[in-house]
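Requesting a structural model of the entry that follows:
(one chain, ligands or ions: 2)
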Amino acid sequence: MSESNSTLFYAGITLASGLITDFLINRLNKKEIVEDFKPIRSLTLRKRSFVNSKQAPVPEALLNSENPLLDEIKFLNSATCDIERVNHLSLGLDDEFPNIKSPLLGEGNLRSVFGGGGFLPDDAFIYCGSYVINTAVFGPGKRIDQTKKWLRAGPRKSLFFDPKTVKAAIVTCGGLCPGLNVVIRELYMSLHYNYGVQDIYGIKYGYKGFYTYDWIKFDANYVKNIHNLGGTILGSSRGGFDLNKIVEAIVNHGINQVFCLGGDGTHGGVLELFKELRKRKLKISIVGIPKTIDNDIAIIDESFGFETAVEEAINAIKSAYVEANCAEYGVGLVRLMGRNAGFIAMSACNASRDAHVCLIPEFKFELYGDRGLLEYCYQRLKKKGTLVLVIAEGAGDAMLDYKVNVVETDASGNKKSQDVGVIVKDELTKYCKNKGMGITLKHIDPTYMIRTVPANPHDKIMCTQLAQNAVHGAMAGFSGFTVGHVNNRLAYIPIEELLSGKYSNRVVADSREWQRLLASTGQPSFLNNEEQMIQQKQQQQI
Ligand SMILES: Nc1ncnc2c1ncn2[C@@H]1O[C@H](COP(=O)(O)OP(=O)(O)OP(=O)(O)O)[C@@H](O)[C@H]1O
Ligand SMILES: O=P(O)(O)OC[C@H]1O[C@](O)(CO)[C@@H](O)[C@@H]1O
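Numbering: from 1, shown residues only. Ligands and ions are numbered 1, 2, ... in the order given. As a prediction, the model looks like this:
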């Protein structure tokens with residue numbers, strides 16, 4: 001194709017892209033691809049941003065090659081709609097673009113789950129120009145073509161990596177979370193059984209394990225029964241991220257696909273590694289799989305393990321309620337995890353219906369004064385005799401009239417504060433005593449119990465989806481991305497975008513979930529001068 005022809009060709013694609021993509025969305029919305037379905041969706045409202053990212057152009061020499069994956073890369077590069085491109089190993093490295101047929105296409109594959117000749121039906125593969133829209137709800141002033149779009153996750157017909165040459169490594173970092181073992185198992189199963197990869201390694205105790213410990217060579221027997229275990233068979237850790245040592249270890253072991261399970265911090269590490277590998281022009285795909293029971297990772301609907309943690313938290317609230325109900329002026333106080341976000345506490349309260357007050361880091365409150373928390377609790381106990389308080393660990397930072405001390409910082413630099421449960425327990429006991437009321441307060445702290453259990457069925461399904469799609473993305477040669485549900489569909493999200501600071505995931509005051517909580521508990525703001533606070537907040541936003 002001459003230069004002017006190719007310009008016309010791409011201008012045509014650009015013009016047609018809006019129509020094509022809307023058509024594809026309609027088509028995909030109608031088509032029920034079971035694998036993509038997540039049983040329950042989070043209704044949380046999030047801040048959104050609309051920025052295009054740029055990546056290296058497709059080399060001239062490749063423009064005429066016939067390859068569905070290359071078509072997709074070309075489409076992504078030329079599309080002018082607001083679609084977030086995921087970096088591909090072919091771009092910016094050299095002109096090489098392998099055309100390897102996916103074994104999932106099934107020719108020569110004896111297994112067939114659909115009765116035909118192939119392992120996956122044609123429709124299960126991702127089409128060129130297929131994406132997931134950021135916003136599910138449209139109304140006046142909101143147009144589908146102006147909505148941000150993410151690259152659709154799923155298997156591609158043609159691969160970048162020849163499975164025979166793949167050597168993969170899996171690592172788990174940060175705090176524990178139900179479902180880690182399910183993801184590890186499924187990464188192995190998908191790489192090995194679906195794609196035929198032979199060399200798959202486990203890294204012990206997080207990032208430091210790359211350069212500190214012997215690697216574990218996985219086989220099917222090693223992983224086949226781990227999905228019913230809590231924790232991670234690999235172990236995890238905080239700190240220990242040493243960029244050069246990790247890259248050296250990856251290169252020395254001949255690894256070309258790395259899967260890192262973790263939260264924001266871990267993804268920060270994936271981004272560093274991605275940039276370094278790209279700088280060194282190494283064809284190594286590095287993939288994040290978002291993990292945190294706090295459910296505070298931006299953009300995605302929900303992180304795995306969260307539902308299981310909520311389920312466990314409800315047991316603690318139930319016990320707190322029974323204890324409170326069986327004592328004169330009985331108080332049940334439950335402290336739950338949630339350093340920066342109160343999703344676990346909010347969801348557990350909404351599901352249990354047994355909590356009377358829920359405190360989370362997102363909303364400021366006061367302990368003292370006529371409208372403070374303590375007076376409210378005292379009045380409620382006087383009137384009803386029973387009180388259940390649920391407090392997220394980070395709520396201590398939201399107390400306006402009590403200074404919570406940072407007692408230490410963990411190896412990753414995350415701050416660890418004085419226990420807010422203990423503070424509220426002591427202050428409430430004192431406050432009521434001064435008013436002549438002897439309360440019986442039981443403080444239940446199930447924080448580590450809720451994150452060490454095995455995943456429930458909902459989370460197991462999600463873990464499986466994430467792992468399989470992480471593998472599909474890596475095999476296709478995408479890199480520097482994380483995988484997650486957006487509007488209940490699986491998408492590949494560039495980590496650079498995820499950590500750009502343009503997105504956040506916190507409980508917001510006007511979300512339906514928080515409003516539901518207020519409606520069911522009837523709790524006030526616990527602010528002595530609410531009006532003043534609202535005005536201050538409005539001024540900060542201007
Ligand atoms: N900005 C960063 N760049 C590189 N590595 C990082 C960065 N932040 C954290 N890490 C590394 O990532 C790993 C996990 O980080 P961290 O302990 O903060 O947990 P996390 O992934 O955020 O998970 P959790 O939600 O459980 O806290 C640690 O080994 C840490 O050293
Ligand atoms: O005791 P650790 O391992 O630091 O984990 C506690 C942290 O884990 C988290 O649940 C994040 O995974 C935070 O809410 C909490 O502060």
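
burial count for the closest residue to ligand 2 within the chain?
Taking CB to the nearest ligand atom, ligand 2 has its nearest neighbour within the chain at residue 175, 3.2 Å off. Placement of C-beta: from N, CA and C, glycine included. When neighbours are counted by other CB atoms under 10 Å, residue 175 registers 21.

With the one 5 residues further on instead?
For residue 180, the tally of surrounding residues (other CB under 10 Å) stands at 29.

That one: what's it in contact with?
The neighbours of residue 180, taking CB atoms under 8 Å, 6 or more residues apart in numbering as the test, are 172, 231-232, 236, 261, 291, 305.

okay if I get those as a markdown table plus pLDDT?
As requested, these are arranged in a markdown table below (pLDDT from 0 to 100):
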| residue | pLDDT |
| --- | --- |
| 172 | 98 |
| 231 | 98 |
| 232 | 98 |
| 236 | 98 |
| 261 | 98 |
| 291 | 96 |
| 305 | 97 |
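
Can you lay out these as a markdown table showing secondary structure?
Formatted as a markdown table, the contacts of residue 180 follow (DSSP: H, G, I helix; E, B strand; the rest coil):
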| residue | secondary structure |
| --- | --- |
| 172 | strand |
| 231 | coil |
| 232 | coil |
| 236 | coil |
| 261 | strand |
| 291 | strand |
| 305 | coil |
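
sec struct for the closest residue to ligand 1 within the stretch 51-200 of the chain, please.
Nearest residue of the stretch 51-200 of the chain to ligand 1 (CB to the nearest ligand atom) works out as residue 174 at 2.4 Å. Judged by three-state DSSP, the three-state class of residue 174 is coil.

that older thread, my guess is the residue of the chain closest to ligand 2 contacts residue 236, does it?
Yes - taking CB atoms under 8 Å as the definition, residue 175 is a contact partner of residue 236 at 7.3 Å.

Now the common contact residues for the two.
Counting by CB under 8 Å, 6+ apart, residue 175 and residue 236 have no contacts in common.

that's a strand at residue 290, yeah?
Yes - assessed by three-state DSSP, residue 290 belongs to a strand.

how many neighbours does the closest residue to it other than its chain neighbours have?
Once flanking residues are discounted, residue 290 sits nearest to residue 297: 4.6 Å by CB to CB, 6 or more residues apart in numbering. Neighbour count of residue 297, defined by other CB under 10 Å: 26.

next one: residue 375
With neighbours defined by other CB under 10 Å, the count for residue 375 comes to 18.

near ligand 2, which residues of the stretch 301-450 of the chain show up?
Applying CB under 6 Å from any ligand atom, we find that the stretch 301-450 of the chain lies next to ligand 2 at 337-339, 393, 410.

Out of those residues, which two are the most distant from each other?
Between any two of these, the greatest separation by CB to CB is 15.7 Å, found for 338 and 410.

near ligand 2, which residues of this structure?
With CB under 6 Å from any ligand atom as the criterion, the chain meets ligand 2 at residues 174-175, 263, 292-294, 337-339, 393, 410.

Distance to residue 493, secondary structure and pLDDT added to those residues, as a markdown table?
Formatted as a markdown table, these follow (distance: CB to CB, whole Å; DSSP: H, G, I helix; E, B strand; the rest coil; pLDDT from 0 to 100):
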| residue | distance to residue 493 | secondary structure | pLDDT |
| --- | --- | --- | --- |
| 174 | 18 | coil | 96 |
| 175 | 21 | coil | 96 |
| 263 | 14 | coil | 96 |
| 292 | 15 | coil | 94 |
| 293 | 20 | coil | 94 |
| 294 | 18 | coil | 95 |
| 337 | 24 | coil | 95 |
| 338 | 23 | coil | 95 |
| 339 | 22 | coil | 93 |
| 393 | 27 | helix | 96 |
| 410 | 26 | coil | 92 |
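
hmm, which of the residues you listed are the buried ones?
Neighbour counting with 16 or more other CB atoms under 10 Å marks 174-175, 263, 292-294, 337-339, 393 as buried within these.

closest to residue 458 among these?
Taking these together and measuring to residue 458 by CB to CB, the closest member is residue 293, at 13.5 Å.

residues in contact with that closest one?
175, 177-178, 303, 305-306, 308-309, 337, 344, 450-451.
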